[in-house]
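Peer 1: My questions are about this predicted structure, shown below with the sequence.
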Amino acid sequence: MKVKVLSRSSNDYVRERVEDIHKVQRNLDPSAHPFEQGREYTRALNSVKLDRLFAKPFVSSLNGHIDGVYCMTKHPSQLNSMISGSGDGEIRIWELSEEKTTWRVQGHRGMVSGVCSGKDNGRFLSCSTDKTVKVWGEGSEPIETYMGKHAFTGLSHHRSESIFATSGGTVEVWDEARSEPIHDFAWGADSYQTVKFNQVQTNIFASCGTDRTVVLYDLRTSKPLSKLVMSLKTNAIAWNPMEAYIFTTGSEDHNAYTFDMRNMKSAQNVMKDHVSAIMDLDYSPTGQEIVTGSYDRTIRLYDVGKGHSRDCYHTKRMQRVFAVQYSMDSKYVLSGSDDGNIRIWKAHANEKMGVKDWREKHKLEYAQKLKERYGHMTEIRRIDKHRRTPKDIKLADSTKKEILKAEKRKDDLRRKHSKKLDAVKRVPEREKAIIGIAK
């Protein structure tokens, strides 16, 4: 009598040194798994529930400033450090892993309104409302000091050349070797809020003014390129570090708008959910995510292509947020508020800190794919989107939605009973905030 048996060599599924880890034999025939979808749905539901259970985004608070923190930037040569400036003129360098100050100086007599990294390693610049721009190195005395005619409100440095731009009464471009600005741009605004150099197309930079404009400039020309007029004032600008022509603005109308500088007739994306003015925003180094800090005392994180935030961070003690930054590894977010604290948050609230085992990595990747596959299901979507927000923000949000709903209903009724209005084309949501473009 002949008996056929399964025979497998142990060398195929046992490691050479560790003999307790066995290869799992799987039959991938779909007919052998009739309830695959049901099992996967249950796993996706459990994964979403665990994500919300372990969502603890707050990491730590950096105490030291005795006034509000109004500007921050990444350190020019140390990936683990960041620079902050406060309302009392103090500038500090923080080591994030140790959560302590490594360098501090009383840099200005007025509020520090801007800090940025310089061309040389270790150098950075700061500007203030006391009409000075200072270049700092390792010592406690400034290397260079530049005097301006107006109080400075923003500062940005060219990526590779020794040139920087300032905003204030006008937009000025300075050469570090000269004591006077080499270019002076003005296009109708009383003053300008901020200025930012493009890090990819390095000759381009943008500014926003009190006359509700966003203006683009080119160092190779002696006049501005184009001007975009919005319905309300713009407070902050950030360029996408991976796409040369894309920039995002934070506005007084509670929204962030993403534009392509080649065609600004319509916004590429409108990011909503805040209930007060956006004071600052920043792209992640990957260019795939945006963080915004608002006057409503919350921080929101957005995926670049989506219109609503994927997360909202807040604490009871955090006040108006005036500065936000991504860390260089895209894993953390920093926020500076006018209560004098810099807070460190995880970019993904449920992400585990520290080293992960390879099995854990595979399990988390599998869970993420399951959530993407079944994210459209009602229960999974409801659990994934649920966030606890402060009562006043929740009330303001519901009031805002009710007002917008009433305006839409009013417009629909007017169009229904008026032939003239009915023939007028509806303005798309991405064009509503744009009044015009000048060149």
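Peer 2: Noted; the coordinates are in hand.

Peer 1: can you count the residues close to the closest residue in space to E99 that isn't next to it in sequence?
Peer 2: What sits nearest to E99 in space, not counting adjacent residues and going by C-beta to C-beta, 6 or more residues apart in numbering, is S60, at 5.4 Å. (Each C-beta comes from the backbone N, C-alpha and C, glycine too.) S60 has 11 neighbouring residues, counting by other C-beta atoms under 10 Å.

Peer 1: Which residues are in contact with S60?
Peer 2: 99, 343-344 (C-beta atoms under 8 Å, 6 or more residues apart in numbering).

Peer 1: ok, so what distance separates it from S222?
Peer 2: Distance, S60 to S222, using C-beta to C-beta, to the nearest Å: 48 Å.

Peer 1: repeat for V333
Peer 2: 39 Å.

Peer 1: Same drill for these two, tell me which one is more crowded.
Peer 2: When V333 and S222 are compared for neighbours, V333 comes out ahead with 26 against 10, by other C-beta under 10 Å.

Peer 1: what are the phi and psi angles of that one?
Peer 2: As for V333, its main-chain torsions (degrees, to the nearest 10) stand at phi -130, psi 140.

Peer 1: If I look at it, what pLDDT would I see?
Peer 2: On the pLDDT scale, V333 is placed at 96.

Peer 1: again with the one 10 residues further on
Peer 2: According to the per-residue confidence, R343 scores 95 in pLDDT.

Peer 1: which helix is the longest one in the chain?
Peer 2: As assigned by DSSP state H, the longest helix anywhere in the chain is helix 391-416.

Peer 1: Can you name the element that comes right after that one?
Peer 2: helix 419-423 (DSSP states H and E).

Peer 1: can you pull the alpha-carbon coordinates of that next one into CSV?
Peer 2: The C-alpha trace of helix 419-423 is given here as CSV (Å, rounded to 0.1, in the frame of the first residue of the first chain):
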residue,chain,number,x,y,z
LYS,A,419,-35.1,85.0,-14.6
LYS,A,420,-32.1,87.4,-14.7
LEU,A,421,-30.4,85.8,-11.7
ASP,A,422,-31.2,82.3,-12.9
ALA,A,423,-29.3,83.0,-16.1
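
Peer 1: just checking, what packs against it?
Peer 2: Applying 3 or more C-beta pairs under 8 Å, 6 or more residues apart in numbering; DSSP states H and E, one finds that helix 419-423 makes contact with helix 391-416.

Peer 1: which parts of the helix it packs on are buried?
Peer 2: Neighbour-count burial for helix 391-416 flags 393, 396-397 (criterion: 16 or more other C-beta atoms under 10 Å).

Peer 1: likewise stretch 186-194?
Peer 2: 187, 189, 191-194.

Peer 1: Contact partners for the nearest residue to V424 once chain neighbours are set aside?
Peer 2: Distances taken as C-beta to C-beta, 6+ apart put R415 closest to V424, at 7.9 Å, once the chain neighbours are dropped. R415 makes contacts with 421-422, 424, as judged by C-beta under 8 Å, 6+ apart.

Peer 1: measure R415 to A406 for me?
Peer 2: 15 Å.

Peer 1: quick one, helices of the stretch 251-400 of the chain?
Peer 2: Taking DSSP state H, counting those that start in this stretch as the criterion, the stretch 251-400 of the chain contains helices spanning 358-373, 378-385, 391-416.

Peer 1: Could you figure out how far the second one is turned away from helix 358-373?
Peer 2: With axes from the mean of the first three to the mean of the last three C-alpha atoms, to 10 degrees as the basis, helix 378-385 and helix 358-373 are set at 120 degrees to each other.
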